[in-house]
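Enquirer: Fold the stuff below for me.
(2 chains)
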Protein chains: 2
Amino acid sequence: MPLDPAARARAVEPFHVMRVLARAQALEAQGRDVVHMEVGEPDFPTPDPVVRAAAAALAAGQTRYTPAAGLPALRAAIAAYYAERFGVRVSPARIIVTPGSSLALQLALLALVDPDDDVLLCDPGYPCNRHLVRLAGGRVVPVPLGAESGYRPTPAQVAAAWTARTKALLVASPANPTGTVIDRAAMADLHLVVAARDGMLVVDELYQGLVYEAEPFTALELGDDVIVVNGFSKYFGMTGWRVGWIVVPERFADVVDRLAQNLYLAAPTVAQHAAVAALAPDTRALLDARRDVLRVRRDRLRAGLERLGFTFTAPPEGAFYLYADCSARAADSFALAESLLTEAGVAVTPGADFGANRPSSHVRFAYTTDGARLDEGLRRIAAWLGR
Amino acid sequence: MPLDPAARARAVEPFHVMRVLARAQALEAQGRDVVHMEVGEPDFPTPDPVVRAAAAALAAGQTRYTPAAGLPALRAAIAAYYAERFGVRVSPARIIVTPGSSLALQLALLALVDPDDDVLLCDPGYPCNRHLVRLAGGRVVPVPLGAESGYRPTPAQVAAAWTARTKALLVASPANPTGTVIDRAAMADLHLVVAARDGMLVVDELYQGLVYEAEPFTALELGDDVIVVNGFSKYFGMTGWRVGWIVVPERFADVVDRLAQNLYLAAPTVAQHAAVAALAPDTRALLDARRDVLRVRRDRLRAGLERLGFTFTAPPEGAFYLYADCSARAADSFALAESLLTEAGVAVTPGADFGANRPSSHVRFAYTTDGARLDEGLRRIAAWLGR
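Expert: Predicted coordinates for the structure are as follows:
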């Protein structure tokens, strides 16, 4: 009998969004037009100053390994960014650069979890989190988020779910798929309840620059005893470059550095040089203008969906997603996503990607495509609903 | 009590080579001259055609996510490379691109190992392997390699070490740190003994292009039921670009693709476009010329070290390392490496990085620097030994 893949690996579910995307592309190959509201990658190109910095690094032959923890100039630039934009002092020694923020999440989990430890995860939440916990040998304890708490975990939920084996609570702000932002006071409450139990608060701030109303804020303000994950893919417009980072308490830095050496050796060198340019004030002015475009798209798409009977019980304040309750219009979000794709030519992501908490009542719309296409998508959905 | 890093993560040892490198750089900062024979990165720049392809991809805005399994053109180019150079047909569907070969090793282990499964690893061997096995929840079963078998694992050793929980044997050819090549017949024997036990043979072929006498060969010749790990860092001269790949049996492809989506999302896009150019015949002619330079260095360094009393009981036939038995000249390789660095200004890696199999009798010399510097290193070692 030839060996089969391991049971744990087989249990890793596919992303429905990837299947939706593949099927949408297959339809396009047949000549169909599809409005893409499924993809977590905005339509903006990488900013010019970043591309120019990459070209300069290439021309200068900057293509050798960097240290595992990252290019010293990039670690220093990230520290300076925290100081300048958020008024928080973070030593570069606490910052480890990663090849994308997925590896930052993996570093965090491997640094925290021994086999059979528990990790509290928000449901709905980023689909990879639960798989990364299990691949690290940990157990997932879901914290179901509901409209009544604005899709935010409450200290009471965390306290109730905590066990003797719980090591960490992982939250994202802004969150995927809900766009929910956890404000400073709420984050401080979560930090307190976790710290009181000798656990670690891990905050995924990948969508940090994409907050539309609230004041900029990082959980690093709360003290040195949190882990923060971030990256250059979303706000900074560098999806395919694969550069992220993690900030850890000082006593974790050496362990995380050693994990990095073993897990990935180093992040791509040219992309790290380019990322330094992404943090420069001129680039950020450009990125903030893009954020304003995204806000306009959000408002337009949300109003359009509400007119069609989709509801939003908590305001989507960040990222580029709307997590819509579709139960007034469809019994099952999976079937709805299927029909919208094949019958209406609109690609959306069913709730099933994001957990086990009422997934069939929700679909995720991404406003990563331009306003005219979003309008076209709304028009098609309206026509399909009125069929 | 604030939470400490997990016990398993704390047990990940640092690479001594990184400490040697850091101390060498500190000495250099004080004005000392150090001959670097510790680093696993040759002094050659990335080939021009590769840099040009990267610049073209950048200019064309090729900076968005690729599919997790990699750019289709790169997967096709790797398949074509196997066909043309090795005469082996490999479907692109079996090839998954990774951000560096470390992640290819991690994919292989996570695809094979459930908690408490065993993996057989060669000792001495690449230091990350044992940590990656443990981080995947597996147990390391060392196969001690000795001079009597030319630092190659024997089928009898594999059979003796195999247990009911063993899933795989991981071998590297050419190997780090020994430079040993496992030939076609020996690899076939290992494949047979593993297949007879319903296990998987995993072959790390990262140094594949750097074989100095033997005919080119890939373990994929043995059939579809092996896993091969490779990458663009060593032979192809693309260390800081972070592109590797894994070839898996067809029934593993979907599971490995899903693992890739969760673990790293995608490899860097510009680097993947550049890697296509690395496989082109013109680039490979240039790379083969570099390989010939490395062979000359190897012969010169080996002869010089033998004159100084270091011995090589198995011929180093590939990679860019010499694993020298230093027991005739020093009681402890760790102290020897320390003294060579601080007293002679020559950086080498002590055997302790590579396992528990007589590490204090061995040091690794890398011929990643040019011939004149290797001569200078030999001169310094001779002077120090004769002190």
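
Enquirer: Now the element after the helix or strand bottoming out on mean pLDDT in chain A, going C-ward?
Expert: Sorting the helices and strands of chain A by mean pLDDT, DSSP states H and E puts helix A:16-29 at the bottom, at a mean of 89. Scanning forward in sequence from helix A:16-29 by DSSP states H and E, the next helix or strand is strand A:35-36.

Enquirer: List of residues touching the next helix or strand after that following strand?
Expert: Later in the chain than strand A:35-36, the nearest helix or strand by DSSP H and E is helix A:48-59. Identification of contacts with helix A:48-59 by CB atoms under 8 Å, 6 or more residues apart in numbering or on different chains yields A:63, A:236-238, A:269-271, A:273-278, A:280, A:282-283, A:286, B:51, B:54-55, B:58-59, B:61, B:63, B:270. All C-beta atoms are positioned from the backbone trio N, CA, C, and that covers glycine.

Enquirer: In PyMOL, how would I select just the buried ones from the residues you listed?
Expert: Of the contacts of helix A:48-59, the buried ones can be selected in PyMOL as follows, counting by 16 or more other CB atoms under 10 Å in any protein chain shown:
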select buried, (chain A and resi 63+236+237+238+269+270+271+273+274+275+276+277+278+280+283+286) or (chain B and resi 51+54+55+58+63+270)
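
Enquirer: how does chain A divide into domains?
Expert: Listed by automatic domain parsing, the domain ranges of chain A are A:7-45+A:283-385, A:63-280.

Enquirer: From one end of the shortest one to the other, what's the distance?
Expert: Between the start and the finish of domain A:7-45+A:283-385 there is a gap of 41 Å, counting by CA to CA, to the nearest Å.

Enquirer: hang on, A:Val229 is in a helix, isn't it?
Expert: No. The assignment for A:Val229 is strand, going by DSSP: H, G, I helix; E, B strand; the rest coil, so no helix is present there.

Enquirer: Could you pull up the residues touching it?
Expert: A:Ser101, A:Ala104, A:Leu105, A:Ala108, A:Val202, A:Val203, A:Asp204, A:Glu205, A:Leu206, A:Gly244, A:Trp245, A:Ile246.

Enquirer: Out of the residues you listed, list just those in strands.
Expert: Per DSSP state E, strands hold the following members of those: A:Val202, A:Val203, A:Asp204, A:Gly244, A:Trp245, A:Ile246.

Enquirer: which one among those residues gets closest to A:Ser327?
Expert: A:Asp204 (27.7 Å; CB to CB).

Enquirer: Might one say that the closest one is in contact with A:Leu121?
Expert: No. With contact defined as CB atoms under 8 Å, A:Asp204 does not count as touching A:Leu121 (10.6 Å).

Enquirer: Common neighbours of the two, please.
Expert: Contacts common to A:Asp204 and A:Leu121, judged by CB under 8 Å, 6+ apart, are A:Leu170.

Enquirer: Count the neighbours of A:Val202 for me.
Expert: 29 (other CB atoms under 10 Å in any protein chain shown).

Enquirer: re earlier: the ones in strands among the contacts of A:Val229 into a markdown table, with extra columns for distance to B:Asp43?
Expert: Listed next are the ones in strands among the contacts of A:Val229 as a markdown table, based on distance: CB to CB, whole Å:
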| residue | distance to B:Asp43 |
| --- | --- |
| A:Val202 | 40 |
| A:Val203 | 42 |
| A:Asp204 | 40 |
| A:Gly244 | 30 |
| A:Trp245 | 29 |
| A:Ile246 | 32 |
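
Enquirer: Show me which of these are buried.
Expert: A:Val202, A:Val203, A:Asp204, A:Gly244, A:Trp245, A:Ile246.

Enquirer: residues from the stretch 251-387 of chain A in reach of chain B?
Expert: A:251-252, A:255-256, A:258-259, A:261-271 (CB under 8 Å from any CB of the partner chain).

Enquirer: which residues in the stretch 201-350 of chain A form strands?
Expert: Per DSSP state E, counting those that start in this stretch, the stretch 201-350 of chain A carries strands over the ranges A:226-231, A:244-247, A:321-325, A:346-347, A:349-350.

Enquirer: Okay, now the sheet partners of the fourth one, with direction.
Expert: Paired with strand A:346-347 in the same sheet, following DSSP bridges, are strand A:35-36 (parallel).

Enquirer: gap between the strand it pairs with and the chain center?
Expert: Counting by CA atoms, centre = their mean, to the nearest Å, strand A:35-36 is centred 20 Å from the centre of its parent chain.

Enquirer: Quick one: mean pLDDT over that strand.
Expert: In this model, strand A:35-36 has an average pLDDT of 96.

Enquirer: returning to what we had before: could you dump the domains of chain A into CSV with distance to B:Val346 added?
Expert: Below are those laid out as CSV (distance: least, CB to CB, whole Å):
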stretch, distance to B:Val346
domain A:7-45+A:283-385, 44
domain A:63-280, 21
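
Enquirer: Out of those, which is the most enclosed?
Expert: domain A:63-280 (a mean of 22; mean count of other CB atoms under 10 Å in any protein chain shown).

Enquirer: Mind checking the domains of chain A for the one nearest to B:Arg302?
Expert: domain A:63-280 (25.6 Å).

Enquirer: So what touches stretch A:19-36?
Expert: So stretch A:19-36 is contacted by A:38-39, A:337, A:341-342, A:345-350, A:366, A:368-369, A:373-374, A:376-377, A:380 (CB under 8 Å, 6+ apart).

Enquirer: how about 7 Å then?
Expert: Identification of contacts with stretch A:19-36 by CB atoms under 7 Å, 6 or more residues apart in numbering or on different chains yields A:38-39, A:337, A:341, A:345-347, A:349, A:369, A:373, A:376-377, A:380.

Enquirer: Same list (the contacts of A:Val229) but as TSV, adding pLDDT and distance to A:Glu84.
Expert: Shown next, in TSV, are these (pLDDT from 0 to 100; distance: CB to CB, whole Å):
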residue	pLDDT	distance to A:Glu84
A:Ser101	98	21
A:Ala104	98	22
A:Leu105	98	26
A:Ala108	98	25
A:Val202	98	24
A:Val203	98	20
A:Asp204	98	22
A:Glu205	98	16
A:Leu206	98	20
A:Gly244	98	20
A:Trp245	98	16
A:Ile246	98	20
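
Enquirer: Relative to A:Pro5, which of those is nearest.
Expert: Using CB to CB, the contacts of A:Val229 come closest to A:Pro5 at A:Leu105, 22.4 Å.
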